[in-house]
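> This is the structure alone, sequence omitted:
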Ligand code: S3P
């Protein structure tokens, strides 16, 4: 089996699901945001603060390109990775792309009080989430070869469902 790649909006549980999934499949787990933070020796917040979103997006692509050498991993991606078509092409080439589809209300709940996502550090964050979701959801659907509804499901349920479909 090739790499398993999780995509989806911030707060859809990609990292938590990815860790448990990797464990169940006895594979290594790669979190792209962690890779960028370790590689750049800076938090995502600091990268956005110091260099801006555009630079972060460039870094995201360059760290994705490193994945071509990886096999049999479980990989979770940042929520904005699908914004560049070239990123989606890379993801499709290196593995099975799975969209964790989480409804707006659940995302709001999961993201409430979050301080780690630079795009949401503003008073109108609910509006930002709504707008970004509207823009991105069709792209996630298009990029994925497998869609998992996460509503009212535990991480255990979600990972078992993925394993059955793989
Ligand atoms: C982002 C999502 C974040 C992180 C960065 C930008 C986005 O990852 O890459 O804050 O644009 O949706 P998570 O989806 O893991 O929160």
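Cool, got the structure. Note that the coordinates shown come from a computational prediction; the quantities given were computed from them, not determined experimentally. Numbers count the residues shown, from 1 in each chain.

> alpha carbons only for contacts and neighbour counts from here, please
OK.

> quick one: low-confidence parts of the protein?
For the chain, the stretches with pLDDT under 70 are 1.

> How are the strands of it distributed by residue range?
3-7, 29-31, 74-76, 95-101, 146-149 (DSSP state E).

> what sits up against the second one?
Counting by C-alpha atoms under 8 Å, 6 or more residues apart in numbering, strand 29-31 makes contact with 15, 18-19, 22, 73-77, all of which sit outside it.

> So which of these wins on neighbours?
residue 74 (28 neighbours; other C-alpha atoms under 10 Å).

> hmm, the helix ranked longest in the chain touching the ligand?
The longest helix of the chain (DSSP state H) is helix 125-143. No - Helix 125-143 stays clear of the ligand (C-alpha under 6 Å from any ligand atom), getting no nearer than 8.1 Å.

> just the angle between that helix and strand 3-7, please?
Interaxial angle of helix 125-143 relative to strand 3-7 (axes from the mean of the first three to the mean of the last three C-alpha atoms, to 10 degrees): 140 degrees.

> between helix 125-143 and strand 95-101, how big is the angle?
Angle, helix 125-143 to strand 95-101, by the same axes, to 10 degrees: 140 degrees.

> circling back to that earlier point, show me which pair in the contacts of strand 29-31 is furthest apart.
22 and 77 (14.2 Å; C-alpha to C-alpha).

> rewinding a little: let me have the contacts of strand 29-31 in JSON lines, extended by distance to residue 166.
Listed next are the contacts of strand 29-31 as JSON lines, based on distance: C-alpha to C-alpha, whole Å:
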{"residue": "15", "distance to residue 166": "18"}
{"residue": "18", "distance to residue 166": "14"}
{"residue": "19", "distance to residue 166": "16"}
{"residue": "22", "distance to residue 166": "13"}
{"residue": "73", "distance to residue 166": "13"}
{"residue": "74", "distance to residue 166": "12"}
{"residue": "75", "distance to residue 166": "14"}
{"residue": "76", "distance to residue 166": "16"}
{"residue": "77", "distance to residue 166": "18"}
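
> May I have the residues that are in contact with the residue sitting furthest away from the middle of the chain?
The C-alpha centroid of the chain is most remote from residue 123, which lies 23.7 Å away (C-alpha atoms, centre = their mean). The contact partners of residue 123, by C-alpha under 8 Å, 6+ apart, come to none.

> All further residue positions should be reported with the first residue as 347.
Noted, 347 is the first residue going forward, which turns the last one into residue 469.

> Nothing else from me, thank you.
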